[in-house]
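**Student:** Quick one: sequence and predicted model below, then my questions.
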Amino acid sequence: LALFFTQNRNQEGALLMIGDAMIALGKYRPASLGVHVEPIVCALEELRPLLVGLAPEDDCPLYPFVYPKFEVAN
């Protein structure tokens, strides 16, 4: 949801979701149930400092908005 919120000019919501996601996903690093969690956490860690200080309705700080896709662990 954090990635969706930042793309739709809801930076305040994105920051809240990043905080929640970091807590929730931290215990599943590096992978869980066949999904690589580490790239997701790294993407959120990269995005978080870019959102700090933005107004709640500012544009997404990244253009183009590209992040790693879900990967299946083998």
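**Tutor:** Nice, I can see it. Residues are numbered from 1 along each chain as shown.

**Student:** mind listing the helices in the chain by residue range?
**Tutor:** Secondary structure of the chain (DSSP state H): helices at 2-7, 11-26, 38-51.

**Student:** For the second one, which residues meet the burial criterion?
**Tutor:** Of the residues in helix 11-26, those buried under the neighbour-count criterion (16 or more other CB atoms under 10 Å) are Q11, G13, A14, L15, M17, I18, A21. In short, each C-beta sits where N, CA and C put it, glycine included.

**Student:** Leaving out chain neighbours, which residue sits closest to the residue nearest the centre of the chain?
**Tutor:** The chain has L44 as the residue nearest its centroid, 3.3 Å off, counting by CA atoms, centre = their mean. Spatial nearest neighbour of L44, excluding adjacent residues (CB to CB, 6 or more residues apart in numbering): I18 at 5.0 Å.

**Student:** Hmm, the one you found is touching E46, no?
**Tutor:** No: in this structure I18 lies outside contact range of E46 using CB atoms under 8 Å: 10.3 Å.

**Student:** so where is the protein shaky, pLDDT-wise?
**Tutor:** Scanning the chain for pLDDT under 70 picks out 74.

**Student:** rerun at 90
**Tutor:** 1-4, 6-7, 31-36, 39-40, 43, 60-74 (pLDDT under 90).

**Student:** got the CA positions of stretch 21-34 in PDB?
**Tutor:** The C-alpha trace of stretch 21-34 is given here as PDB (Å, rounded to 0.1, in the frame of the first residue of the first chain):
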ATOM      1  CA  ALA A  21       5.400  -2.800   6.600                       C
ATOM      2  CA  MET A  22       8.900  -2.600   8.100                       C
ATOM      3  CA  ILE A  23       7.700  -4.000  11.400                       C
ATOM      4  CA  ALA A  24       5.500  -6.700   9.800                       C
ATOM      5  CA  LEU A  25       8.000  -7.800   7.200                       C
ATOM      6  CA  GLY A  26      11.100  -7.700   9.300                       C
ATOM      7  CA  LYS A  27      10.500 -11.100  10.900                       C
ATOM      8  CA  TYR A  28      10.100 -12.700   7.400                       C
ATOM      9  CA  ARG A  29      13.500 -11.600   6.000                       C
ATOM     10  CA  PRO A  30      15.100 -12.800   3.700                       C
ATOM     11  CA  ALA A  31      12.200 -15.000   2.400                       C
ATOM     12  CA  SER A  32       8.900 -16.500   3.600                       C
ATOM     13  CA  LEU A  33       6.500 -19.000   2.000                       C
ATOM     14  CA  GLY A  34       8.400 -18.900  -1.200                       C
END
